[in-house]
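[1] after the sequence you'll find the predicted model.
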Amino acid sequence: GENVEQHPSTLSVQEGDSAVIKCTYSDSASNYFPWYKQELGKGPQLIIDIRSNVGEKKDQRIAVTLNKTAKHFSLHITETQPEDSAVYFCAAKAAGNMLTFGGGTRLMVKP
Amino acid sequence: GAVVSQHPSWVICKSGTSVKIECRSLDFQATTMFWYRQFPKQSLMLMATSNEGSKATYEQGVEKDKFLINHASLTLSTLTVTSAHPEDSSFYICSALGRIGEKLFFGSGTQLSVL
């Protein structure tokens, strides 16, 4: 089955700096890669996703890049703000509708 | 994005009682819903896949008689924790596949505390 590794597990940045979270996946058949943001006591919220036929996607301050050959994808957050502080999860989907999640990254943005 | 409503957001119950958690897709029909369990500072652990009109598919190690799942309509799935015990205390989250069938949207979660 699919295996998704996520790094780092914790990330602390200064407000205004950029944050990068990286994930690798094992199943070359995976074709859909969403990113979720989870605030304390709440369910995960879909923030951006990318399909395997696209190398990069951007939405305001967040962007995701995908390298199919290396089987890794990354989340980039620019001009970080304190409200970006949360736990971020990457995921990958291969056959069927099952998503496999990474272990999560706790992002702390210091004001 | 699509809206998934989950209730209650938190519940405290006595050991031995049963607790029902509801998950509704508010603006779309969800043929497939998923139930997850999450421990503090950990990732999401898939418990079961719920398909409308059929029996749920449980992940290995999840007791189907303890965690009863019903997906009677295209907009509602329920998880009942039967005879709850303190070790069942956890954050339970449902999710539903959106219209296109690819994007997964989550409910707000239910914090269960069993005394």
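    Cool, got the structure. What you see is a predicted model; the values in this text were computed from it and never measured. Numbers count the residues shown, from 1 in each chain, chains lettered A, B, ... in the order given.

[2] so what's the residue in chain B that chain A sits nearest to closest to, chain neighbours aside?
    Chain B approaches chain A most closely through residue B:106 (3.8 Å), counting by CB to the nearest CB. Just so you know, the C-beta spots here come from the backbone N, C-alpha and C atoms, and that holds for glycine as well. Of all residues not flanking residue B:106 in the chain, residue A:43 sits nearest, at 3.8 Å (CB to CB, 6 or more residues apart in numbering or on different chains).

[3] write out the residues of chain A neighbouring chain B.
    Taking CB under 8 Å from any CB of the partner chain as the measure of proximity, chain A contacts chain B at A:32, A:34, A:36, A:41-46, A:49, A:89, A:91, A:93, A:97-99, A:101-104, A:106.

[4] which among these count as buried?
    A:32, A:34, A:36, A:42-44, A:46, A:49, A:89, A:91, A:93, A:98-99, A:101-104 (16 or more other CB atoms under 10 Å in any protein chain shown).

[5] export stretch A:71-86 as PDB, just CAs?
    Provided in PDB are the C-alpha atoms of stretch A:71-86 (Å, rounded to 0.1, in the frame of the first residue of the first chain):
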ATOM      1  CA  LYS A  71       7.900  11.000  -5.700                       C
ATOM      2  CA  HIS A  72       7.900  14.000  -3.500                       C
ATOM      3  CA  PHE A  73       5.700  17.100  -3.100                       C
ATOM      4  CA  SER A  74       6.100  20.200  -0.900                       C
ATOM      5  CA  LEU A  75       4.000  22.900   0.600                       C
ATOM      6  CA  HIS A  76       5.300  26.400   0.500                       C
ATOM      7  CA  ILE A  77       3.900  29.200   2.600                       C
ATOM      8  CA  THR A  78       5.200  32.700   2.100                       C
ATOM      9  CA  GLU A  79       5.000  35.800   4.300                       C
ATOM     10  CA  THR A  80       3.800  33.600   7.200                       C
ATOM     11  CA  GLN A  81       1.400  35.100   9.700                       C
ATOM     12  CA  PRO A  82       0.600  34.000  13.300                       C
ATOM     13  CA  GLU A  83      -2.800  32.700  12.000                       C
ATOM     14  CA  ASP A  84      -0.900  30.200   9.900                       C
ATOM     15  CA  SER A  85       0.100  28.400  13.100                       C
ATOM     16  CA  ALA A  86      -1.500  25.000  12.900                       C
END
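
[6] contacts for it, please.
    Contact with stretch A:71-86 is made by A:13-26, A:28, A:30, A:33, A:35, A:37-40, A:48, A:50, A:61-67, A:88, A:90, A:92, A:106-111, as judged by CB atoms under 8 Å, 6 or more residues apart in numbering or on different chains.

[7] report the buried residues of it.
    A:72-77, A:80, A:84-86.

[8] residues of chain B that sit close to chain A?
    Checking chain B against chain A by CB under 8 Å from any CB, the hits are B:1, B:4, B:6, B:32, B:41-44, B:46, B:49, B:91, B:93, B:95, B:97, B:101-109, B:111.
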